[in-house]
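Engineer: kindly generate the corresponding structure for this input.
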Amino acid sequence: EEEAKRKEIWLATRARVMEHNKRAENGSESFTMGMNHLSDQTTAEVTGRRLQDGEETEVHKEFQTWKVKYGKTYPSPEEEAKRKEIWLATRKMVTEHNKRAENGLESYTLAVNHFADLTTQEVPRGLLPME
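Structural biologist: Model (predicted):
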């Protein structure tokens, strides 16, 4: 049963990737996509929460805008997918932290900056709190 569910998710992801890549071939998208180790997972499983209708498109646009702002390019669709997942996790952490700050539980706010697609091990030393 679980395998069938994963196959269904994978097939739906594959269809979205193929549709996206057709648009890229026609110039409607600025990049191509590929399948990766997350292709059989739902958006909620990957990001840790369920996206509302239309929000996935908005998050995708936000990532594209962020890439342009910081001049980010990646050597392959697989690397871009990996970096987007890191970016999504960073974005989630920043959003949650800032909600706590709004409620007086944190004394400062954070922002998604040019390091948002890097793991904590990849961020240059001395630039993360508590180092």
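
Engineer: Leu88: which element?
Structural biologist: Here Leu88, judged by DSSP states H and E, is contained in helix 77-102.

Engineer: distance from the chain centre to that helix, please.
Structural biologist: From the chain centre to the centre of helix 77-102 is a distance of 6 Å (CA atoms, centre = their mean, to the nearest Å).

Engineer: quick one: buried residues of it?
Structural biologist: By 16 or more other CB atoms under 10 Å, the buried positions in helix 77-102 come out as 77, 80-91, 94. Glycine gets a C-beta too; all of them are placed from N, C-alpha and C.

Engineer: show me what it is packed against.
Structural biologist: helix 43-47, helix 55-69 (3 or more CB pairs under 8 Å, 6 or more residues apart in numbering; DSSP states H and E).

Engineer: hey, least reliable of these by pLDDT?
Structural biologist: Among the helices and strands packed on helix 77-102, helix 43-47 carries the lowest mean pLDDT, a mean of 72.

Engineer: which neighbouring elements make contact with that one?
Structural biologist: Short answer (3+ CB pairs under 8 Å, 6+ apart): helix 43-47 packs on helix 77-102.
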